[in-house]
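Chemist: Sequence plus the predicted model coming up.
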Amino acid sequence: MQGKRVLLIVSGGIAAIKIPETIRRMRERGLNVRCVLTEGGAQFVTPLSLSALSEDKVYSDIFSLTDENEMGHINLSRDADVLMVAPASADIMAKMAAGLAGDLASTVLLATDKPVICAPAMNVRMWEHPATQANVELLKSRGVIMVGPDEGDMACGEYGMGRMAEPDMLVKALEDFFLAAPRPLEGRHAVVTSGPTHEPIDPVRYIANRSSGKQGHAIAAALQKLGCKTTLVTGPTNLKDPVGCDVIRIESARDMLAAVEKALPADIAVCAAAVADWRTSNAPDQKIKKQAGSAPPSLEMVENPDILSTISNAGNKRPSLVVGFAAETDDVIENATSKRERKGCDWIVANDVSPQAGTFAGDDNTVHLITSGSAESWPRMTKTDVANQLASRIAQHFEAAE
Ligand code: CTP
């Protein structure tokens, strides 16, 4: 863990008295620790002791001109590899769940795209309250890692769940995090397209397709987990935003192209969106009305820009690895192999999207990875597994090139 940077957010609670000891153990393991202390936290532990042990400044005031000049509240989290909230009071977790940003600690937590570990600490009844339990579940579903709480005697004289995990356990949680999470794509940037596009017929009607966005979103999440800064450009879907990705929502193919071009430069592009091949050439600004006795309107179609081809041929803006998908219903490998050459991308992930394959709305995918020299067939697996496997192949590609 030598040299890894932890931003330790100390919120209010008697367990804050264990934090100086926790910092000492983190420092023994080679971690760099910088502290944010809430007003509540400062009732239990002094900024001076945290500063002495972390050998760094302690931040507590969002409106401090000096702090903003020196560091800036956004840079506090940008500078860290991980954020740890310890103790995580019921109050700070409720703020995180609701997205409140009324003080420095909650603002940093709302603004961060870094992984967050919480060590809850509170009275047993507060811990068991449905509001706290719902907040904890919500935070977990967003990727927040929880350590503890433990069961035991509490400072308030009661017994039960709610004691903060011991300093050794907090250090172990960081160790698990850093060891379990190799970040081979740290320092790289990926742009991923996902979902369908909607092409307007008029202001209220559109042409769409059956793409769910599950595969593209899973790829963005998998790349992000490997430490890659990931920009997800997505058409309309019902999916939650993958944790830690920058998500840009668009509607049409032309919007998607503009968003992708704006997101460049990138090292990696993965085009998993089911972009509409055509749009209507004459979408009016007003709703098309039925005219009694006249024929239905006819739609004149024009071709949309091809995003994959455009970025594959983007000269010095071309990402060094461009991966496309090939949605095929027949002769999957042959069609995908020629599609790779036609579009100018490096790899193509070919999948069978015939209705019987169930790829479009389903959770599974059967794909073939086509590179310049080979076509490799992967067994049927979940879209999440396809995404993780593809992300680790991408990481291997960059490792081999170094
Ligand atoms: N693609 C794109 N922009 C488009 C059309 C497709 O970026 N306007 C990308 C898709 O995201 C995918 C790849 O091109 O990565 C192939 O998409 P696919 O629908 O299989 O191919 P098409 O180019 O549409 O060809 P066809 O429909 O004739 O098979």
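Modeler: Looks like it came in fine.
Chemist: residues in contact with the closest residue to Ala314 other than its chain neighbours?
Modeler: Among residues not flanking Ala314 along the chain, Leu264 sits closest, at 7.2 Å (Cβ to Cβ, 6 or more residues apart in numbering). From N, CA and C alone the C-beta is placed, and that goes for glycine too. Neighbouring residues of Leu264 by Cβ atoms under 8 Å, 6 or more residues apart in numbering: 191, 311, 314, 317, 319.
Chemist: Show the buried residues in those residues.
Modeler: By neighbour count, with 16 or more other Cβ atoms under 10 Å, those hold 191, 311, 314, 319 as buried.
Chemist: Would you reformat those as CSV and include pLDDT?
Modeler: Shown next, in CSV, are the buried ones among the contacts of Leu264 (pLDDT from 0 to 100):
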residue, pLDDT
Val191, 98
Ile311, 98
Ala314, 96
Pro319, 98
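Chemist: one step back: for the contacts of Leu264, which one is nearest the ligand?
Modeler: Ile311 (8.1 Å; Cβ to the nearest ligand atom).
Chemist: What values do phi and psi take at that closest one?
Modeler: Main-chain torsions, Ile311, degrees, to the nearest 10: phi -80, psi -20.
Chemist: give the contact list for it.
Modeler: When contacts are counted by Cβ under 8 Å, 6+ apart, Ile311 touches 260-261, 264, 269, 271, 317-319, 322.
Chemist: quick one: the residue nearest to Ala314 and Ala253, what's the gap?
Modeler: Distance, Leu264 to Ala253, by Cβ to Cβ, to the nearest Å: 17 Å.
Chemist: how far out from the middle of the chain is stretch 141-152?
Modeler: On the basis of Cα atoms, centre = their mean, to the nearest Å, stretch 141-152 is displaced by 20 Å from the centre of the chain it belongs to.
Chemist: If we go by neighbour counts, what in it is buried?
Modeler: Neighbour-count burial for stretch 141-152 [16+ other Cβ under 10 Å]: 144-149.
Chemist: can you check stretch 185-197 too?
Modeler: Of all the residues in stretch 185-197, those buried under the rule 16+ other Cβ under 10 Å are 185, 188-197.
Chemist: mind checking the end-to-end distance for that stretch?
Modeler: In stretch 185-197, first residue to last residue: 29 Å (Cα to Cα, to the nearest Å).
Chemist: Could you check how far that stretch is from the centre of its chain?
Modeler: Using Cα atoms, centre = their mean, the offset of stretch 185-197 from its chain centre is 10 Å.
Chemist: Stretch 214-231 now?
Modeler: Counting by Cα atoms, centre = their mean, stretch 214-231 comes out at 6 Å from the chain centroid.
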